[in-house]
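> Fold the following.
(one chain, ligands or ions: 1)
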Amino acid sequence: MHSIAASLEHHKARGRKSLAVLVDPDSGKLTDLDHRIHLANRCGVDYFFVGGSMLSEDHLGACLTTLRSHSDIPVILFPGNVYQVSDHADAILYLSLLSGRNPDYLIGKQVEAAMRLAESALEVIATAYLLIEGGHSNTAAYLSQTQPIPRDKPEIAVATAVAAQLLRFQWIYLEAGSGAQWPVPLETVRAIAERVQTPIIVGGGLRKPEQLEACLVAGADLVVVGNALERDPELLREMSAVVRSVDVGKKLP
Ligand code: 1GP
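I've put the predicted structure just below:
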């Protein structure tokens, strides 16, 4: 039995790509959550990510209970603040905002949450979080009072990802921002994948199956989709098929 962090490494080693559906319990669109869960089960989605920038704990609890009671897909907290911690999930992304220079989001919030996490049964996944300019105002950048990495500076993103690997982060998350106009540039994903062995997650502004495919071919190991699936849950069928198709042709060791 692999831990969740190890499962992604295991998949990466075998060239298998992964898909996560982001559920934002504060989006006001939880009415069709049952349907989205059903589709995720049928389509073989790998993970649910749960979180939002402005979310309170109350909403989170109900959402986690629904996910847990209708699905065996691992549920990973993707917290927008220190209140989004719950034992009703399997794991939590312990995010450090490495693209920014705000000490609160590099280590301050992590210290605030540390004792609670250490005492919980959650698997804690140390995750380097890199905001990459996505064309729209970025909520995470605003709330953290940091600047995203400019889109045309892949070398900065690469150096940050290499630092994350040297610092032994378990996952690297490249984030263009929820509803981003442009997803993370493929050139950036490719350049990072060529330099680091740490599993790479990419999210923000992925709306079309072709974008997922391009991102995975460029070297992402896991893609995360939120808004597009809230708007059109049926899109998941095509997206998951594309993710599986990228596996094909990879050589098994
Ligand atoms: C996950 O923030 C993203 O990394 C979600 O973005 O809602 O645009 O898919 P979307």
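> For Val242, pull up the helix or strand it's in.
helix 235-247 (DSSP states H and E).
> Sorry, slip of the keys, the one I care about is Ser96.
Using DSSP H and E, Ser96 falls in strand 91-97.
> counting contacts, what elements does that strand pack onto?
Here strand 91-97 touches strand 75-77, helix 109-119, strand 123-131, strand 171-175, going by 3 or more C-beta pairs under 8 Å, 6 or more residues apart in numbering; DSSP states H and E. (Glycine included, C-beta is placed from N, CA and C.)
> Quick one: mean pLDDT for it?
For strand 91-97, the mean per-residue pLDDT is 98.
> Do it and the ligand come into contact?
No. Strand 91-97 does not reach the ligand (C-beta under 6 Å from any ligand atom); its nearest approach is 10.3 Å.
> Describe which strands that strand pairs with in its sheet and in which direction.
strand 75-77 (parallel), strand 123-131 (parallel) (DSSP bridges).
> and the ones you listed, which is most packed in?
strand 75-77 (a mean of 24; mean count of other C-beta atoms under 10 Å).
> for this structure, what spans make up the strands?
All strands of the chain, identified by DSSP state E, fall at 18-23, 47-50, 75-77, 91-97, 123-131, 171-175, 200-203, 222-225.
> Adding distance to Arg237, write those strands out as CSV.
CSV is the format used below for the strands of the chain (distance: least, C-beta to C-beta, whole Å):
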stretch, distance to Arg237
strand 18-23, 12
strand 47-50, 17
strand 75-77, 21
strand 91-97, 26
strand 123-131, 28
strand 171-175, 25
strand 200-203, 20
strand 222-225, 13
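> of all the residues in the protein, which ones are close to the ligand?
22, 175, 178-180, 203-206, 224-228.
> List the buried residues of the strand holding Ser96.
Applying a neighbour-count criterion of 16 or more other C-beta atoms under 10 Å, one finds Ala91, Ile92, Leu93, Tyr94, Leu95, Ser96, Leu97 buried in strand 91-97.
> The last one pairs with what?
In this structure, Leu97 bridges to Tyr129 when assessed by DSSP bridges.
> just checking, it touches Tyr129?
Yes. The pair Leu97 / Tyr129 is scored as a contact, 5.0 Å apart, by C-beta atoms under 8 Å.
> Name the residue of the chain that lies nearest to the ligand.
As assessed by C-beta to the nearest ligand atom, the ligand sits closest to Gly203 within the chain, at 2.2 Å.
> Could you verify my assumption that that residue touches Asn227?
No. Using C-beta under 8 Å, Gly203 is not in contact with Asn227, being 10.4 Å away.
> Off-centre distance for the helix or strand bottoming out on mean pLDDT in the chain?
Ranking every helix and strand in the chain by mean pLDDT, DSSP states H and E puts helix 57-70 at the bottom, with a mean of 88. Relative to the centre of its chain, helix 57-70 is centred 18 Å away, using C-alpha atoms, centre = their mean, to the nearest Å.
> In CSV, please show the C-alpha coordinates belonging to it.
Only the C-alpha atoms of helix 57-70 are listed here, as CSV (Å, rounded to 0.1, in the frame of the first residue of the first chain):
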residue,chain,number,x,y,z
GLU,A,57,-14.1,25.1,7.9
ASP,A,58,-17.9,24.6,8.1
HIS,A,59,-18.3,24.3,4.4
LEU,A,60,-15.3,22.1,4.1
GLY,A,61,-16.7,19.5,6.6
ALA,A,62,-19.9,18.9,4.7
CYS,A,63,-18.1,18.6,1.4
LEU,A,64,-15.6,16.1,2.7
THR,A,65,-18.3,14.0,4.2
THR,A,66,-20.1,13.9,0.8
LEU,A,67,-16.9,12.9,-1.0
ARG,A,68,-16.0,10.3,1.5
SER,A,69,-19.4,8.7,1.5
HIS,A,70,-19.7,8.4,-2.3
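> Great, nothing more from me.
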